[in-house]
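Undergrad: Predicted model and sequence follow; I will ask about them next.
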Amino acid sequence: MPAKILDGKALAARLQAEMATQVQAWVTQVGRPPGLAVLRVGEDPASAAYVRGKERACERVGIASFGRHFSAQDSPAHLLDTIGQLNQDERVDGILVQLPLPPGWDPIPPLLAIDPGKDVDGLHPLNLGRLLRGEPGLRSCTPLGVMRLLQAEGIPIAGRKAVVVGRSILVGKPLSLMLLAADATVTLAHSRTPDLAEVTRAADIVVMAVGRPRLLRADMVKPGAVVIDVGINRIETPAGSEQLVGDVDYEAVKELAAAITPVPGGVGPMTVTMLLANTLESYKLRSQLSETWV
Ligand code: GUN
C-alpha cells in the first residue's frame, strides 16, 4: 500500500492560524507584539530565501520583525555589537543568526553572544546542554518540527527503532536526543557509517538529514517504516531546469513506506513554524504569561 503523505505544509498552516489568534489576545494583554530578529550575513541566495520565508511567516502570525542584513565585508564585531543591543531590547523575544555564515566568519562567537533566553534556534551551548540533560529549554527548530509532525500524525515513537542519518548540530545531533527523550532506541548514522543500507533497513523510523540527493533508496527501507526527509537539495533536471529534491528517493520509497514526508512541503514548513512557536514561548515567559518552558 502506498505511504501516507505527511503534509507538513498543511499542519504548519493550521498551527500558524492558531498562533495568530493567540497572539491577538496576548498583544492586548501585554501591550506589545512578540518580536523576532533574524540576522543574515552575505548574499547566499538560499539563505535570503529562507529568511524571507521566516519574515513572511512572522507577519502572518503577528510577530514583529527586527531583522538586519550585514554585508560579507562588514566586521564580525559589528554583528556581535548588534546582538548585544538586541539582547537588551525589550521588544525582541527571539534572535537568530542565519547559517551558514560567509567564508571567514566564525559562527561560534555570534551563537555564544545570543542571550540563551532569546535563543529561538536552540543553538546556544546552554540550550544544547539542557537538551542533553533532558531539562526544559529552547529547542532547535528543525528537530522540533520533526517531533511535532510525528506527534500530530499519531506516529508512535516509544520503543521503536529510529535511525537518524546525518550528525549536524542543526538537525542530526539534537534530533537524536529528542527521539531518545521520547523513548526511541536511536542510532545516529553518518557519512562514515559502513553499510548504511543495513542500518536504515533495521529502522521503524528513518530520518534523512545529510544533504545528498535521493541517497535513501527503496532497497534501504523496511516495508512499513516511517520516512522523514529533512534534505533540501537543488539539482538540475535533464531538461536544464532546477528542481528541489530531498535525501530520499521519494517516488520509489513512497511505494513501501507506511508514511513519508514530501520535499518540498514536509519538514521545511514545520521548521519555520517551530521558530514562531519558540519566539512565542520566549515572549510568554518574558511577559510573565507563563512561568516555564514547555
Ligand atoms: N540554516 C538552515 N537551517 C537553519 C536553521 O534552522 N537555523 C539557522 N540559524 N540557520 C539555518
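TA: In hand now; what should we look at? Residues are numbered from 1 along each chain as shown.
Undergrad: What residues does the stretch 51-200 of the chain have near the ligand?
TA: Leu96, Val97, Gln98, Leu99, Asp121, Cys141, Thr142, Leu170 (C-beta under 6 Å from any ligand atom). C-betas here are computed from N, CA, C, even on glycine.
Undergrad: my guess is the third one meets Gly53, correct?
TA: Think Gln98. No: if you go by C-beta atoms under 8 Å, Gln98 and Gly53 don't touch, sitting 11.0 Å apart.
Undergrad: Looking at the two now, which is surrounded by more residues?
TA: Gln98 (20 against 15; other C-beta atoms under 10 Å).
Undergrad: show me what contacts that one?
TA: Val38, Leu39, Arg40, Val41, Ser47, Tyr50, Val51 (C-beta atoms under 8 Å, 6 or more residues apart in numbering).
Undergrad: got a markdown table for the residues of the stretch 51-200 of the chain next to the ligand, with pLDDT, distance to Leu275 and secondary structure too?
TA: As requested, those are exported to a markdown table (pLDDT from 0 to 100; distance: C-beta to C-beta, whole Å; DSSP: H, G, I helix; E, B strand; the rest coil):
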| residue | pLDDT | distance to Leu275 | secondary structure |
| --- | --- | --- | --- |
| Leu96 | 98 | 7 | strand |
| Val97 | 98 | 13 | strand |
| Gln98 | 98 | 11 | coil |
| Leu99 | 97 | 13 | coil |
| Asp121 | 97 | 7 | coil |
| Cys141 | 98 | 5 | helix |
| Thr142 | 98 | 9 | helix |
| Leu170 | 97 | 12 | coil |
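Undergrad: ok, these vs the ligand, which is closest?
TA: Distance to the ligand across those (C-beta to the nearest ligand atom) is lowest for Leu99, with 3.6 Å.
Undergrad: count of residues packed around the closest residue to that closest one other than its chain neighbours?
TA: Excluding its sequence neighbours, the residue lying closest to Leu99 (C-beta to C-beta, 6 or more residues apart in numbering) is Pro107, at 6.0 Å. Using other C-beta under 10 Å, Pro107 has 14 other residues around it.
Undergrad: Pro107: what's it in contact with?
TA: By C-beta under 8 Å, 6+ apart, the neighbours of Pro107 are Val97, Leu99, Pro100, Leu101.
Undergrad: average pLDDT across the strand or helix carrying Val38?
TA: Take DSSP states H and E as the rule and Val38 turns out to sit in strand 35-41. For strand 35-41, mean pLDDT rounds to 98.
Undergrad: So which elements touch that strand?
TA: Judged by 3 or more C-beta pairs under 8 Å, 6 or more residues apart in numbering; DSSP states H and E, the packing partners of strand 35-41 are helix 45-61, strand 64-65, strand 68-70, helix 76-88, strand 94-97, helix 267-286.
Undergrad: Tell me which of those sits most buried.
TA: Highest mean neighbour count of the helices and strands packed on strand 35-41: strand 94-97, a mean of 26 (counted as mean count of other C-beta atoms under 10 Å).
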